[in-house]
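A.B. asks: my questions are about this predicted structure, shown below with the sequence.
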Amino acid sequence: AQTYSCPAYTGILSHFPSAEDSTLAYGKLADELMRFRKDFPILQGGGLALFNESFATTTAQEGADIGFDILRAVKDTGSHAVFVTHLCELAARREELGGTVSLTTEPSRRGNPTYKIVKGEPIENTFASDFL
């Protein structure tokens with residue numbers, strides 16, 4: 001980049017999938033929701049939330065609904081979020097939140113397995129072999 005500017009965040013919350021609960025006291029979705037609830041105060045006052053394939057351990061529609069509610073809560077704190085997902089249902093609803101951007105990838109050069117991240121709509125039904 002030629003230039004870059006970024007706000008100062010009050011805290012950074014990262015929400016990535018964790019291993020299964022070995023005690024079997026609860027499932028992965030319950031674990032994700034409990035961890036988010038515990039860590040949510042980090043965002044108060046303008047934080048940054050980073051999500052990677054969160055809430056994907058349930059149906060696509062339920063995961064999208066939960067993700068949407070979570071992103072709305074993050075926005076209500078005045079925070080920013082980056083949400084990496086294959087839940088096209090969630091990406092389709094992003095405009096309801098306002099101030100969102102959808103990013104996707106495109107090959108940077110033919111024959112070279114590198115990609116650029118660009119503004120664009122999610123690509124449904126894409127498989128790794130499509131990019132090789």
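C.D. replies: Thanks, I have the structure now. Residues are numbered from 1 along each chain as shown.

A.B. asks: wait, F16 sits on A49?
C.D. replies: No: using CB atoms under 8 Å, F16 makes no contact with A49, being 11.5 Å away. For the C-beta atoms, the positions are set from N, CA and C on the backbone; glycine is no exception.

A.B. asks: of these two, who's got more company?
C.D. replies: Between F16 and A49, A49 has the larger neighbour count (other CB atoms under 10 Å), namely 27 against 12.

A.B. asks: quick one: the more buried one is in a strand?
C.D. replies: Yes: counting by DSSP: H, G, I helix; E, B strand; the rest coil, A49 is located in a strand.

A.B. asks: so who does R72 touch?
C.D. replies: Residues counted as contacts of R72 (CB atoms under 8 Å, 6 or more residues apart in numbering) are L97.

A.B. asks: next structured bit after whatever helix or strand it lives in?
C.D. replies: R72 belongs to helix 60-76 when assigned by DSSP states H and E. Beyond helix 60-76 in the direction of the C-terminus, DSSP H and E gives the next helix or strand as strand 80-84.

A.B. asks: buried ones in that next one?
C.D. replies: Residues H80, A81, F83 are the ones in strand 80-84 that count as buried (16 or more other CB atoms under 10 Å).

A.B. asks: good, we can wrap up now.
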